[in-house]
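# model the structure of this input:
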Amino acid sequence: MKEVEKGLNVITEKEILKGEVCPPEYKENLKELLEKLNKLRTLWAKPMSITSGFRSWETHLRVYKDKGISDLSKIPTKSKHLYCQAVDISDPTFELTKFCKEHDKEMEEIGIWFEDDMSVKRLHIQIVPPSKTGNRWFKP
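The predicted model follows:
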């Protein structure tokens, strides 16, 4: 396996769940997310650190409260994190973002989409296209 040859471990459920319990109705999403992230990790051939994975509604509310947003009408209720369809990967130098943009064809083959947001030092990756545009790279 390429990950083992390069000394990389595969991304695990534990990394995505971060102590949360995946509801049974999202288990298939989790399986697909793991498969696609590990394809990206193999292509990238460098370690990847998940900063945010699956979120329960309670955790989701806390994340936005920590950002200073407590008005429920301003909190996204359709976040892909809530359905085990998205993760955020630490990307302080935007090296991973640049790599993914340069390998757009491979990203399409893997079947992943990205937030195009250079204001944060992380890369949001999801396994479903954004509902508004369907673009591989989209604005949050």
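# where in this structure is pLDDT low?
Counting by pLDDT under 70, the chain has low-confidence residues at 1-8.
# give me the most central residue, it.
Centroid-nearest residue in the chain: residue 87, 2.1 Å away (criterion: CA atoms, centre = their mean).
# residues contacting residue 81?
Applying CB atoms under 8 Å, 6 or more residues apart in numbering to residue 81 gives the contacts 52-55, 60, 87. From N, CA and C alone the C-beta is placed, and that goes for glycine too.
# now residue 126
Per CB under 8 Å, 6+ apart, neighbours of residue 126: 80, 85-86, 112-114.
# could you list which of the contacts of residue 81 belong to helices?
Among the contacts of residue 81, DSSP state H puts residue 60 in helices.
# identify the farthest-apart pair in the contacts of residue 81.
Greatest spatial distance among these (CB to CB): 60 and 87, at 13.8 Å.
# looking at the contacts of residue 126, which two lie furthest apart in space?
85 and 114 (13.1 Å).
# now do the helices in this structure.
2-5, 13-17, 27-44, 57-66, 95-102, 104-110.
# just send those helices back as CSV, with mean neighbour count and distance to residue 126 too.
Formatted as CSV, the helices of the chain follow (neighbours: other CB atoms under 10 Å; distance: least, CB to CB, whole Å):
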stretch, mean neighbour count, distance to residue 126
helix 2-5, 11, 22
helix 13-17, 16, 12
helix 27-44, 18, 8
helix 57-66, 13, 15
helix 95-102, 16, 13
helix 104-110, 14, 12
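# out of the ones you listed, which gets nearest to residue 121?
helix 95-102 (9.6 Å).
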